[in-house]
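Chemist: With the input below, show me the fold.
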Amino acid sequence: MRIEPGSHAHPDEHARDDSGDPDATTPDAPGAEVTAGSEGRTGAAEGAGTPTEAAPAAGHGSDGGSGGPPEDPSDGEADPGLAPKRRRRGRALALSGLALVLVVAVGITLALPAVSNRLGLPWAPNLPRGDEPEPIAVTRQLQPLGGQGDAPTASGVQQALAGLANSGALGTLSGTVVDAASGETLWSQGENKAVTPASATKILTAAAALLELGPEKRFSTKAYELGGVDGSSPGGVVVEAGGDVTLSSLPEGEESLYRGAAHLDEFAKQIDEATDGNVEAIALLQTAFTANETGQGWADEDAPSTYAAPLAPIMLDGGRKDPLDDTSERFADPAKRMMEQLAGKFAAADIVPDLAAGVRMREPDLSNPIAEVKSAPMERLVQQMLQLSDNTLAEAIQHQIAISKGREPSFEGGAKATLEVLAEHGFDVSGVTLHDGSGLSVDNRITPKLLSEIIAVAAAPEGGGNADARTSTLRPLLAGLPVAGGTGTLAERYADGAQVQGKGWVRAKTGTISSTGTNALTGQVVTAGGRVLAFSLITSKAGNTEAARNALDDITARLRKCGCG
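Modeler: Okay, the predicted model is just below:
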C-alpha cells in the first residue's frame, strides 16, 4: 500500500483549457430541469377598537342627602317611581346603542379582506372557488418537451448552414446535426473523422459514468484506528482515500463550488468522537489510484494551474486554494494539503509518512471504520463536472470507471474503461482514441458522430414503442450542459447580433485548446418549431479562438431560428 502525508503547495501557472464560470443560477430554458416552488400568503388581522363605557348622569339630590329621590317642583312631594323608571330606560338605550356599535364594528372587521382571508370566511376574496388541485409530482431530471414540433428536413438544414459552416474563422470544421426524436442525421461534415475534442471529451466521461456507475454512486472517505504491534493503541488514525476530490474545507452549513459535498469538519468530528480526541498521528492510505498525477498529452503547465490539480484520490475543493473561485490556483500536492488541515484539527496529531516510521504500528483493520463521509451522488458530480468544465473531477470520475471495470485505476485504465462501457451500450467508438477523461490531452481523438449520438440519445423522447432504454440513464447529463447566455462557459456568449436568437435555447459543452486551434461545441438546441436537435461541432487549426467561437455560435443560433423544413 502507498501511504503519503500532506505538504504545502506551489503557485499555479497559466490556464490553457476552458475552466468555465462558477456554477451560476440557471435560468429556465427549454428542456431545463423543472422544479416546483411554493407560494406563501400572509394576512394581517385588524382588531376593532374597544368602546369606552360612559359614566352615568348625575341625579338631583335632596338637601344634604345623596342618592335620594328628587323633589317634585310643583308640590314638594316626591313621586317614588319616577326617577328609577327614567334611569332604567336610559341605561337600556345606552346598552342597545353600544351593542349596535359592536355589531357594526365586528361586521366591518370581518368584511376586511385581510381578516376574511385569514379566517377563511365564505366572502373572502382569496377563498378557493373550485376543488383543491391534485399535487404535482416533481423530478430532478430534465423532462422532454411537451410535444415535438415538425421535423426539419436534411435539405433545409443543409441550406441554412451552407454559408456559416464554410466560414474561414473555423479553420477545418467537423461536425454533425441529428434529429433527437428520429435519430436522423440532418447535416454532417467529416462526422467520422476523429479529431482533437478538447473538453468535449467530458461528454464521454459523463455518459460512461452514468451508464456504468449509476446516478446514485458516491465516493467514500473513511478513517480507521491504528493499533500498535503489541495490541496497544498508540492514538494513530489512518485515512483511506476513496477518490473524492470534492471534500469541502468550508465549515458545516457553507457550500463550496461542489454543492452537497462532504465536509472535512464533519469527518474530523467523527474521528474526535470515536477516539475521545486521542489522536497523536494521522497517516494517509491512497492506493485507490495509481501514482500517476497527469495523463499522456498533458502540457507541463497543466497541473498545477488554475484549471487542474495533480490527480490524487483525495483533496479539498478540487485542489483549489480558494474553495469559492473556480479559477483559483491549485495546490501542487492537494492530498498533503488535506492531511495538514485534518491534522491541524487535533492539537497533538503528527503526519506519519510511513506506518513503520516513528511509531510502531500494525496494518489497520479496514473492516471497521471509525469515521466516514460521502460525496454528492454521481448524477450531481457529472453535472458539476460539465457545468464547471472541471478537469480534476473528470479524471477522478474516470478513474472510478476503471475500478468498476476491473482495470488499473490510472489515466490509461480509465480511458480504456470509458470506451469499453460506451461500446457495451451500443455506441460506435470506431477510430476513437482516449488518454484521459477531461480532454486536456492533445492526443485524444473523438468523432463528432459519437459525441452527437450520445447527446441525441440523452435528449430523445421517452415512452412509446421506439423509446431508447439508455435515455433515462443519460438524461441527467443534459442538466449539466452550460446554457447559452446563462451559465458556465456559455454565460458570456450569444450576447450580440443574430446569436441572441440562441440565448437560452442552446445547451452545450465547450472545449478549447488554443495551441491546436481546437474549439468544440457539443449539445442540443430547440428549434423555433419546437424540435430538439443534437449537434457536435469541432474546429481544427482555427487561427483565432474568439472568431472561431463566434462562428460556432452563429451556426447553433441559426439552427434555433430556422424551421428548416
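Chemist: All the helices of the stretch 51-200 of the chain, in order from the start?
Modeler: Secondary structure of the stretch 51-200 of the chain (DSSP state H, counting those that start in this stretch): helices at 82-111, 113-119, 154-161.
Chemist: I'd like these written out as a markdown table, with distance to residue 564, mean neighbour count and mean pLDDT added.
Modeler: All C-beta atoms are positioned from the backbone trio N, CA, C, and that covers glycine. Formatted as a markdown table, these follow (distance: least, C-beta to C-beta, whole Å; neighbours: other C-beta atoms under 10 Å; pLDDT from 0 to 100):
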| stretch | distance to residue 564 | mean neighbour count | mean pLDDT |
| --- | --- | --- | --- |
| helix 82-111 | 60 | 12 | 70 |
| helix 113-119 | 52 | 16 | 71 |
| helix 154-161 | 3 | 17 | 95 |
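Chemist: Can you check which of these gets nearest to residue 331?
Modeler: Taking C-beta to C-beta, helix 154-161 is the member of those nearest to residue 331, at 44.8 Å.
Chemist: Counting by contacts, list what the closest one packs against.
Modeler: Secondary-structure packing of helix 154-161 (3 or more C-beta pairs under 8 Å, 6 or more residues apart in numbering; DSSP states H and E): strand 185-189, helix 545-561.
Chemist: mind running it again at 6 Å?
Modeler: Applying 3 or more C-beta pairs under 6 Å, 6 or more residues apart in numbering; DSSP states H and E, one finds that helix 154-161 makes contact with strand 185-189.
Chemist: contact partners of the strand it packs on?
Modeler: Applying C-beta atoms under 6 Å, 6 or more residues apart in numbering, the contact partners of strand 185-189 are 152, 154, 157, 158, 161, 175, 176, 177, 178, 179.
Chemist: Figure out how far that strand is from the centre of its chain.
Modeler: 33 Å (C-alpha atoms, centre = their mean, to the nearest Å).
Chemist: Same question for stretch 383-401.
Modeler: A distance of 14 Å separates the centroid of the chain from that of stretch 383-401, by C-alpha atoms, centre = their mean.
Chemist: Show me which of the contacts of strand 185-189 is closest to residue 324.
Modeler: The closest of these, once distances to residue 324 are taken by C-beta to C-beta, is residue 175, at 35.9 Å.
Chemist: ok, how many other residues are close to the residue nearest to that closest one when sequence neighbours are not counted?
Modeler: Of all residues not flanking residue 175 in the chain, residue 537 sits nearest, at 3.9 Å (C-beta to C-beta, 6 or more residues apart in numbering). Neighbour count for residue 537, taken as other C-beta atoms under 10 Å: 28.
Chemist: Tell me the bridge partners for residue 537.
Modeler: residue 175, residue 521 (DSSP bridges).
Chemist: contacting residues for it?
Modeler: By C-beta under 6 Å, 6+ apart, the contact set of residue 537 is 175, 521, 552.
Chemist: Would you quantify the distance from the first one to residue 197?
Modeler: The spacing between residue 175 and residue 197, counted by C-beta to C-beta, to the nearest Å, is 12 Å.
Chemist: tell me the angle the helix or strand residue 458 falls within makes with strand 185-189.
Modeler: Assigned by DSSP states H and E, residue 458 belongs to helix 448-459. Counting by axes from the mean of the first three to the mean of the last three C-alpha atoms, to 10 degrees, helix 448-459 lies at 150 degrees to strand 185-189.
Chemist: Which helix or strand lies directly C-terminal to helix 448-459?
Modeler: That would be, after helix 448-459 and using DSSP H and E, helix 471-479.
Chemist: nearest residue to residue 410 other than its sequence neighbours?
Modeler: Leaving out its chain neighbours, the residue that sits closest to residue 410 by C-beta to C-beta, 6+ apart is residue 290, at 4.2 Å.
Chemist: ok, now how distant is that neighbour from residue 205?
Modeler: Relative to residue 205, residue 290 is positioned 18 Å away (C-beta to C-beta).
Chemist: Between the two, which is the more surrounded one?
Modeler: Neighbours were counted for residue 290 and for residue 205 using other C-beta under 10 Å; residue 205 has more, 26 against 17.
Chemist: Confirm that that one sits in a strand.
Modeler: No. Counting by DSSP: H, G, I helix; E, B strand; the rest coil, residue 205 is not part of a strand but helix.
Chemist: and it, what does it touch?
Modeler: Neighbour list for residue 205: 394, 397, 398, 437 [criterion: C-beta under 6 Å, 6+ apart].
Chemist: Need these in JSON lines (columns: pLDDT and neighbour count).
Modeler: Listed next are those as JSON lines, based on pLDDT from 0 to 100; neighbours: other C-beta atoms under 10 Å:
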{"residue": "394", "pLDDT": "98", "neighbour count": "29"}
{"residue": "397", "pLDDT": "98", "neighbour count": "28"}
{"residue": "398", "pLDDT": "98", "neighbour count": "30"}
{"residue": "437", "pLDDT": "98", "neighbour count": "33"}
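Chemist: Measure how buried residue 396 is and give me the count.
Modeler: Residues within reach of residue 396, counting by other C-beta under 10 Å, total 29.
Chemist: Contact partners for it?
Modeler: Counting by C-beta under 6 Å, 6+ apart, residue 396 touches 243, 245.
Chemist: Can you dump the C-alpha atoms of the helix or strand where it lies in CSV for me?
Modeler: Element membership of residue 396 [criterion: DSSP H and E] is helix 391-404. Extracted in CSV, the C-alpha atoms of helix 391-404 (Å, rounded to 0.1, in the frame of the first residue of the first chain):
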residue,chain,number,x,y,z
ASN,A,391,-10.8,18.7,-15.3
THR,A,392,-9.7,17.3,-11.9
LEU,A,393,-13.2,16.0,-11.2
ALA,A,394,-13.4,14.5,-14.7
GLU,A,395,-10.2,12.5,-14.1
ALA,A,396,-11.4,11.3,-10.6
ILE,A,397,-14.7,10.1,-12.1
GLN,A,398,-12.9,8.3,-15.0
HIS,A,399,-10.6,6.5,-12.5
GLN,A,400,-13.7,5.2,-10.8
ILE,A,401,-15.0,3.8,-14.1
ALA,A,402,-11.7,1.9,-14.4
ILE,A,403,-12.1,0.5,-10.9
SER,A,404,-15.6,-0.7,-11.7
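Chemist: Would you tell me what the next helix or strand after it is?
Modeler: Next element after helix 391-404 (DSSP H and E): helix 411-424.
Chemist: hmm, who's touching that following helix?
Modeler: Counting by C-beta under 6 Å, 6+ apart, 204, 208, 211-212, 292, 295, 398-399, 401-402, 405, 407, 429, 434-437 sit against helix 411-424.
Chemist: Can you show me the strands along the chain?
Modeler: 172-179, 185-189, 220-226, 236-240, 244-247, 281-285, 314-316, 350-351, 371-374, 506-513, 518-526, 532-540 (DSSP state E).
Chemist: buried ones in the fourth one?
Modeler: To tie it back to what came earlier, the one meant is strand 236-240. Using 16 or more other C-beta atoms under 10 Å as the test for burial, strand 236-240 gives 236, 237, 238, 239, 240.
Chemist: Let's test this: mean pLDDT of that strand, rounded?
Modeler: When pLDDT is averaged along strand 236-240, the result is 91.
Chemist: Now do it against strand 220-226: the angle between them, please.
Modeler: Inter-element angle recorded for strand 236-240 and strand 220-226: 160 degrees (by the same axes, to 10 degrees).
Chemist: List the neighbouring strands of strand 236-240 plus their orientation.
Modeler: strand 220-226 (antiparallel), strand 281-285 (parallel).
Chemist: if you compare the ones you listed, which one is most tucked away?
Modeler: With neighbours defined as mean count of other C-beta atoms under 10 Å, the strands paired with strand 236-240 peak in mean count at strand 281-285, which reaches a mean of 23.
Chemist: hang on, the earlier thing: now the residue nearest to residue 410: how far from residue 305?
Modeler: Residue 290 is 21 Å from residue 305, by C-beta to C-beta.
Chemist: Once you drop chain neighbours, what's closest to residue 226?
Modeler: Excluding its sequence neighbours, the residue lying closest to residue 226 (C-beta to C-beta, 6+ apart) is residue 236, at 3.4 Å.
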